[in-house]
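>>> Dropping the sequence and predicted coords here.
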Amino acid sequence: MKQSEKRQEYSKLKAYPPVCPFCGLPVERPQEQISRRPREMPVGACSCGAVYACDSSGHNLGAAFIEALVCSCNDDWDLAWGLLPEDDYLEQLVANYDYETHRIVPGGSYQGRRITGALYFVKLQPDILEFTGPGLRQKMARRRTTPARGQAEDKSAATGFNSEPAAPASCVLPTSGTLPPNSAAWINAMAAGRRQQQDENGSAGAHAAAPMAPARKRLSKQQIRDIVAAYDYQPLLECARSDHRLVRELQRLLCSGDELLRLRAADVLGKAAAVIASDDPGLIARLLQGLLTSVTDPGAAAWGAVDAAGEIIAAAPATFAGYIPTLYELLAHETLRPHALRALARIGAVRPDLLQRYSLRFLPYLQDSNATTRGYAACLLGRLQAASARKALQGLMDDHHPVTMYHNGTLEQKTVGELAAAALAQLETVPRLLAPE
């Protein structure tokens, strides 16, 4: 009996909540659908846009895939059957899922029960998700009003579906005026046009790349370091898809004692991560988790980890914006605060809409005792066009403490006053009536 209890306890310790294979964030328990047809499966949605269906038996994976794909298309079957794998959507299977406990059980056995369930994930490409996302969000919100079986006992945090639409990707729109916008035929035509453009670009790229075959050799550690030091990163991006060892080598450079090399490595890592994430987002999700976890370990140095996390999120915000709250948590650590504000400022330069609602959270840092913190707080609030910061920024105009700023591979010395002046210039387009006096 004791041995049995030990085995059950060991199995319990190994079980863990499921995460999205595309972005690495925790996902909520899939919810049973409002019944419309037989054999519907519980479904859920991740903040990155992926949709997943639960096959509790593990023997109906084909049906789970169809359920996830059709749900992703907002129950538009015509659209779903017109899409092609990899070109229009990505799919991943997460096995050993136990619906009753909402846990992944690697051993396949939990408290005397055999666990054979699975979650089937489908993620549409950004240009298609742009049109299906709003309807999907509304549908998932309606389903949340009807709790799934056993959901009341589930204490895990729910991520829901990102309220901000995914950034649209460039695509070839259909030229025919006979197709109604956002219809299945219209979206399928758009997807077909994108695939044709990709095929043409791929074919042209193949011909152009043929003479350059020797350039695709694996780069040595020293070559990678030299390329980063020279900030001539294009060769690294060209081999990023085929040589994932590049991520590890760039990560090592984040610990360099040379500040410029460290920040350039973080910059290039973000660009390379965006390339890799288009094919293997799970790899970059694990990288992000490792970077953000390492800086909170006792005795760990932030070095370039926080900057790298900011660069990765800024390079692929549609996929990794769910990690931004972790940067907010780092603001509570005095030594990590300047790094976190710099990372947030980097994201704010690309997608200010993801941070603007939290502008008031950053205002106190304009009065921080650390000049670098004040400088990057001013930079961030300027990029967010936070009108509420106008008066505080005006009070920093005579602050002559120096701050080292990184931008496009170079370090520049600015004063806090100069950064405050630049932020105020960015507020000129914001009506003064919005700023409380």
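Good, I have the coordinates.
>>> alpha carbons only for contacts and neighbour counts from here, please
Noted.
>>> Strands of the chain, start to end?
43-45, 51-55, 89-98, 103-104, 109-110, 113-114, 117-124, 402-407, 410-415 (DSSP state E).
>>> Just send those back as TSV, with distance to L219 too.
Shown next, in TSV, are those (distance: least, C-alpha to C-alpha, whole Å):
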stretch	distance to L219
strand 43-45	39
strand 51-55	37
strand 89-98	29
strand 103-104	38
strand 109-110	44
strand 113-114	46
strand 117-124	32
strand 402-407	26
strand 410-415	24
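>>> looking at those, which has the lowest confidence?
The weakest mean pLDDT among the strands of the chain belongs to strand 109-110, with a mean of 78.
>>> Direction included, what does it pair up with?
Strand 109-110 sits in its sheet next to strand 113-114 (antiparallel), going by DSSP bridges.
>>> Of the strands of the chain, flag the one that's most buried.
Comparing these by mean neighbour count (mean count of other C-alpha atoms under 10 Å), strand 51-55 ranks first with a mean of 30.
>>> residues in contact with that strand?
30, 41-45, 61, 64-65, 67-69, 71-72, 99, 117-123 (C-alpha atoms under 8 Å, 6 or more residues apart in numbering).
>>> Which residues are in contact with M397?
Counting by C-alpha under 8 Å, 6+ apart, M397 touches 416-418, 420-421.
>>> Quickly name whichever of these is closest to P134.
If you rank the contacts of M397 by distance to P134 using C-alpha to C-alpha, A420 comes first, at 37.9 Å.
>>> can I assume the closest one is in contact with L393?
Yes - using C-alpha atoms under 8 Å, A420 is in contact with L393, at 5.4 Å.
>>> shared neighbours, the two?
When contacts are counted by C-alpha under 8 Å, 6+ apart, A420 and L393 are jointly contacted by A378.
>>> These two: which is more packed in?
The neighbour count for A420 versus L393, taken as other C-alpha atoms under 10 Å, is higher for A420 (30 against 26).
>>> Quick check: the gap between that one and P338.
16 Å (C-alpha to C-alpha, to the nearest Å).
>>> ok, now Q111?
Using C-alpha to C-alpha, Q111 is found at 47 Å from P338.
>>> With P126 instead?
According to C-alpha to C-alpha, P126 and P338 sit 33 Å apart.
>>> And for Q223?
Taking C-alpha to C-alpha, one finds Q223 at 31 Å from P338.
>>> Have a look at these two and say which one is more surrounded.
Between Q223 and P338, P338 has the larger neighbour count (other C-alpha under 10 Å), namely 23 against 12.
>>> How about that one, nearest residue that isn't a chain neighbour?
T373 (4.7 Å; C-alpha to C-alpha, 6 or more residues apart in numbering).
>>> what residues are up against that neighbour?
When contacts are counted by C-alpha under 8 Å, 6+ apart, T373 touches 337-338, 341, 365-366.
>>> got it, and W303?
Neighbour list for W303: 254-256, 262 [criterion: C-alpha under 8 Å, 6+ apart].
>>> between those residues, which is nearest S56?
Using C-alpha to C-alpha, L254 comes nearest to S56 of the contacts of W303, at 42.9 Å.
>>> That closest one touches D267, doesn't it?
No - if you go by C-alpha under 8 Å, L254 and D267 don't touch, sitting 10.1 Å apart.
>>> got any residues that touch both of those two?
Common contact partners of L254 and D267 (C-alpha under 8 Å, 6+ apart): A308.
>>> Same drill for these two, tell me which one is more crowded.
A count of neighbours by other C-alpha under 10 Å puts D267 above the other of L254 and D267, at 27 against 24.
>>> Find the residue closest to that one in space, skipping its chain neighbours.
Of all residues beyond its chain neighbours, the one nearest D267 is E311 (5.9 Å), with distances taken as C-alpha to C-alpha, 6+ apart.
>>> So that neighbour sits against R346, correct?
Yes - between E311 and R346 a contact is recorded at 6.8 Å, counting by C-alpha under 8 Å.
>>> what sits against the residue sitting nearest the centre point of the chain?
Central residue of the chain (C-alpha atoms, centre = their mean): F320, 0.6 Å from the mean position. By C-alpha under 8 Å, 6+ apart, the residues touching F320 are 23, 48, 285, 312-313.
>>> Flag the shaky bits of the stretch 251-400 of the chain, pLDDT-wise.
Residue ranges of the stretch 251-400 of the chain with pLDDT under 70: 297-302.
>>> same thing with the stretch 51-200 of the chain?
For the stretch 51-200 of the chain, the stretches flagged by pLDDT under 70 are 133, 135-200.
>>> Would you map the helices across it?
Along the stretch 51-200 of the chain, the segments classed as helices by DSSP state H, counting those that start in this stretch run 61-72, 77-81, 126-144, 184-209.
>>> rewinding a little: most neighbours among the contacts of F320, please name it.
Counting neighbours by other C-alpha under 10 Å, the top entry in the contacts of F320 is I312, with 31 neighbours.
>>> wait, isn't that one in contact with A265?
No - the pair I312 / A265 is not scored as a contact, 11.6 Å apart, by C-alpha under 8 Å.
>>> residues near A229, how many?
Using other C-alpha under 10 Å, A229 has 17 neighbouring residues.
>>> Tell me how far it lies from L363.
Plainly put, A229 is 35 Å away from L363 if you go by C-alpha to C-alpha.
>>> wait, isn't D399 in contact with L419?
No - D399 is beyond contact range of L419, at 9.7 Å (criterion: C-alpha under 8 Å).
>>> And A316, its phi and psi?
phi -140, psi 60 (degrees, to the nearest 10).
>>> nearest spatial neighbour of it, skipping sequence neighbours?
A274 (5.6 Å).
>>> need the contact list for the one you found.
A274 neighbours (C-alpha under 8 Å, 6+ apart): 312, 315-316.
>>> can you list the domains in the chain?
Domain segmentation of the chain under automatic domain parsing yields 2-171, 355-437.
>>> Leaving out chain neighbours, which residue sits closest to P352?
L384 (5.4 Å).
>>> what sits against the one you found?
348, 352-353, 355-356, 359 are the contacts of L384 under C-alpha under 8 Å, 6+ apart.
>>> try 10 Å this time
By C-alpha atoms under 10 Å, 6 or more residues apart in numbering, L384 lies in contact with 345, 348-349, 351-359, 378, 423, 426-427.
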